[in-house]
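Asker: missing the sequence, but the structure's below:
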């Protein structure tokens, strides 16, 4: 389909009617994707060819660069048409990505009611439920019948983001119930909404954290959730498609924090060099400076290393094994905490599990290591024993610290994700070297 | 609510009617959660108190330990009742977690039709679309009217996982269209389904990868997707609640791979020590043995280190900084590839970006490092210069390798996530030490 369309667009004589008929069969998401591979003039031209009733849906799915190209090329009244037809949450997403002059023009040409809603939603904090909600929902009155409810849905449903859950409000807009389209369809047309509505519904406040809302969606298998203000008045709804984005975003943020990056919403390819560097440099500096401790531990053992320089050769292996063993444990615990499989109160179970896993892994690695060091370094049993004991202790400590630090962080209300590999590596490095040199002193008499 | 229920259950005289009325107001998910904090006898007792019509829904939301306790305590006919009322996908999830004797009893007491469906779904590979689909959907015929469709939904809709998209099939069960409940509600009762159905719907094959299906759900904002067999016959549907689980699972797997863990589906607290150790040990061994290379690089420079032992003290700092810098880059690229923000063809853009970010970060870290080494090590400018140049080169190499390896992996069809921190650390460690010692030879004349 895509190739067909491109061959039409790039022909010398453009067959507009074939183009229109192809477009009318396509999903709006796929149409939006077409724009990614077009030059600027063709973008504006193709957008104008789109049927009026789908243009704003296609617009909502475009990336912000293309949205900007289009808005800058359209007339004021065309801009107004698009903004007015966008769902409020899509309009807010769009506005947030645009430069000030485009924002001004977009808002000036929107209907005053729409402008007011957009401005209101723009004020909610970035990670709040309010910032991802939309205001296009179906509201019903308790006293209405099922038949009247269907009438309302038929009249206003087309322009609502979902009609699969309708919300029941009182005259003062206080939310009192929810009715699924399923209950409406299975009910008797003369039943009152008050008889079939669910009064034990799950809802969010505008200021709730998006991550907590996403957890509720997953726990209760929701398709939409109503959002109320401080006075319990219905102000919007959140739909499951936006929640999927929140889930993906939260995972990305956790991964970034776990790799010592300042989390960022911006796509990698669109982020400037200075910004990318800034997101990385603070942690790199902190970790670099804290490695000074490890350096001074090595310096303090300089005389021992001078007597037996081969000991140096095992330092990278010890450090890397400790780092990797710690990262494995911390990742499992951080993720377990994030998805709710591990809770704060499980700290002792986690610690005890990691100690046993550490002993197990330490024994296997130690055995392999002993054989390797023994045969590759002149069958020196004492040297092999020193390195092996240090490796065993390193793995055990790395596993225990890696398992416990994230859960301790959670208990003292620090984000567990920042207690990940880089920080644990630094701690384990130092511990590992102190143990290594202490064992060397005892076993090798240095 | 929960506390109220527990105080009733734990009283000497149990007020069953108050209990039942409280339960009737609760969400099934919350009821399932109640069982987590009960002792075994109370679990079975409370389950028997549940209204018959919700018992199987509550059962579906319980964790597998409690499901097993209940199934083992119930009579054969009670077991049959529950299995028959479960949605097929929930039944499959349950069966997959149970020991063989429980599975046998559950299947023996299920209706033969249900048993056949369960067995069929159990045969799809773990990560396939077939393994997460359910068979409870509403199917319609093209020739039916909207009014007749509503009749079908009213008759069979109550026991279907979703009625919000209905699927249109021919006599041979071939899928020819999809109709949303929204179009049904907005249509004229006398319209034919063939006139209002969408023939350009998104669908999956039973053998499709779950991750690809999840990507489609996100791209097209779907609530449900039909699944067809090789002959395009409709065999099931996948609903968005299961897709959210897939998204979370895929992120977890990526994080595990990125931390050198064999990915696992089992919750941490329920996984045995031997299994946890097994998931970790292979990568630890591989990385430990590959650190031998780093060791031999150090050994080969033994004479230089003997002349100037202070050089040893900077090895951990160089290795850790390189590891962290590489991990930052690889995480951004692996995640960007996973969410589709970065594509295979962006390899040159990524490489060029990482080189510039590497230069930037290397300059800043180098500057701070120079000052620190200079003033803390007897104002030795040549030593400071050596360490600083090595640090700069390490950061630059780490960023470039960290950025490029995952995208190269993707191009040669290896999972980018395994090209993460641990592997990159090992490579960067070796490169960093070779550079460090080479610079030391030149600058310090060792």
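Answerer: All right, it came through fine. Bear in mind that the values here come from a model prediction, so they are computed numbers and not experimental data.
Asker: where do the strands sit along the stretch 51-200 of chain A?
Answerer: Ranges of strands in the stretch 51-200 of chain A, per DSSP state E, counting those that start in this stretch, are A:139-140, A:165-169, A:175-180.
Asker: of those, which stretch is the most buried?
Answerer: Across the strands of the stretch 51-200 of chain A, averaging neighbours per residue (mean count of other CB atoms under 10 Å in any protein chain shown) puts strand A:165-169 on top, at a mean of 23. The C-beta positions use only the backbone N, C-alpha and C, and glycine is treated the same way.
Asker: neighbours around residue A:445, how many?
Answerer: As a burial measure, residue A:445 scores 9 neighbours (other CB atoms under 10 Å in any protein chain shown).
Asker: how near is it to residue A:439?
Answerer: 11 Å (CB to CB, to the nearest Å).
Asker: go ahead and confirm residue A:398 touches residue A:320.
Answerer: No. Applying CB atoms under 8 Å as the test, residue A:398 and residue A:320 come out as separate, 10.7 Å apart.
Asker: give the other helices and strands that whichever strand or helix holds residue A:332 contacts.
Answerer: Applying DSSP states H and E as the criterion places residue A:332 in helix A:315-338. Helices and strands touching helix A:315-338, by 3 or more CB pairs under 8 Å, 6 or more residues apart in numbering or on different chains; DSSP states H and E, are helix A:240-258, helix A:347-376, helix A:381-411, helix A:421-444, helix B:240-258, helix B:273-300, helix B:315-338, helix B:421-444.
Asker: would you turn these into a markdown table with mean pLDDT?
Answerer: A markdown table is the format used below for those (pLDDT from 0 to 100):
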| stretch | mean pLDDT |
| --- | --- |
| helix A:240-258 | 93 |
| helix A:347-376 | 94 |
| helix A:381-411 | 95 |
| helix A:421-444 | 90 |
| helix B:240-258 | 93 |
| helix B:273-300 | 89 |
| helix B:315-338 | 92 |
| helix B:421-444 | 90 |
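Asker: buried deepest among those helices, which one?
Answerer: Comparing those by mean count of other CB under 10 Å gives helix B:315-338 as most buried, with a mean of 28.
Asker: what angle do that helix and helix A:273-300 make?
Answerer: 150 degrees (axes from the mean of the first three to the mean of the last three CA atoms, to 10 degrees).
Asker: quick check: buried residues in stretch A:125-133?
Answerer: Residues of stretch A:125-133 classed as buried: A:127, A:128, A:129, A:130, A:131, A:132, A:133 (neighbour count, 16 or more other CB atoms under 10 Å in any protein chain shown).
Asker: still on that earlier bit, and residue B:37, which of the helices and strands packed on helix A:315-338 is closest to it?
Answerer: Closest to residue B:37 of those, according to CB to CB: helix A:347-376, at 16.3 Å.
Asker: now that closest one against helix B:273-300, angle please.
Answerer: 40 degrees.
Asker: residue A:342 touches residue A:416, doesn't it?
Answerer: No. Counting by CB under 8 Å, residue A:342 stays clear of residue A:416, with 9.6 Å between them.
Asker: list residues touching both of those two?
Answerer: Both residue A:342 and residue A:416 are contacted by A:333, A:407, under the criterion CB atoms under 8 Å, 6 or more residues apart in numbering or on different chains.
Asker: ok, now how distant is residue A:440 from chain B?
Answerer: Distance of residue A:440 to chain B, given as CB to the nearest CB, to the nearest Å: 14 Å.
Asker: also residue A:55?
Answerer: For residue A:55, the distance to chain B equals 18 Å [CB to the nearest CB].
Asker: how close does that residue sit to residue A:152?
Answerer: Applying CB to CB to residue A:55 and residue A:152 gives a distance of 27 Å.
Asker: same deal with residue A:392?
Answerer: Residue A:392 is 71 Å from residue A:152, by CB to CB.
Asker: picking up where we left off before, and the helix holding residue A:332, how far from the chain's centre?
Answerer: Helix A:315-338 sits 22 Å away from the centroid of its parent chain (CA atoms, centre = their mean, to the nearest Å).
Asker: same question, stretch A:42-58
Answerer: Worked out by CA atoms, centre = their mean, stretch A:42-58 lies 31 Å from the chain centre.
Asker: and that stretch, end to end?
Answerer: Using CA to CA, to the nearest Å, one end of stretch A:42-58 lies 15 Å from the other.
Asker: got the contact list for that stretch?
Answerer: For stretch A:42-58, the external contacting residues (CB under 8 Å, 6+ apart) are A:9, A:16, A:19-20, A:23-24, A:28, A:31-32, A:34-35, A:38, A:59, A:66, A:69-70, A:73-74, A:81-82, A:85-86.
Asker: likewise stretch A:346-354?
Answerer: With CB under 8 Å, 6+ apart as the criterion, stretch A:346-354 contacts A:329, A:333, A:342, A:399-400, A:402-404, A:407-408, A:411, B:268-269, B:273, B:276.
Asker: closest to residue B:387 among those?
Answerer: Closest to residue B:387, out of all of these and judged by CB to CB, is residue A:402, at 29.1 Å.
Asker: just checking, that closest one touches residue A:328?
Answerer: Yes. Look at residue A:402 against residue A:328 with CB under 8 Å: they come within range, at 7.0 Å.
Asker: for residue A:297, see how far away the residue lying closest to residue A:288 once chain neighbours are set aside is.
Answerer: In space, and not counting its chain neighbours, residue A:288 is closest to residue B:321: 5.0 Å by CB to CB, 6 or more residues apart in numbering or on different chains. Residue B:321 is 17 Å from residue A:297, where distance means CB to CB.
Asker: of the contacts of stretch A:42-58, grab the buried ones for ChimeraX.
Answerer: To isolate the buried subset of these in ChimeraX, counting by 16+ other CB under 10 Å, use the following:
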select /A:9,19,23,28,31,32,34,35,38,59,66,69,70,73,74,81,82,85,86
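Asker: so of the contacts of stretch A:42-58, which ones are in helices?
Answerer: Using DSSP state H, the subset of these located in helices is A:9, A:16, A:19-20, A:23-24, A:28, A:31-32, A:34, A:59, A:66, A:69-70, A:73, A:81-82, A:85.
Asker: check contacts around residue A:9.
Answerer: So residue A:9 contacts A:19, A:38, A:42, A:46 (CB under 8 Å, 6+ apart).
Asker: for those residues, which one is nearest chain B?
Answerer: Nearest to chain B among these is residue A:19, at 16.2 Å by CB to the nearest CB.
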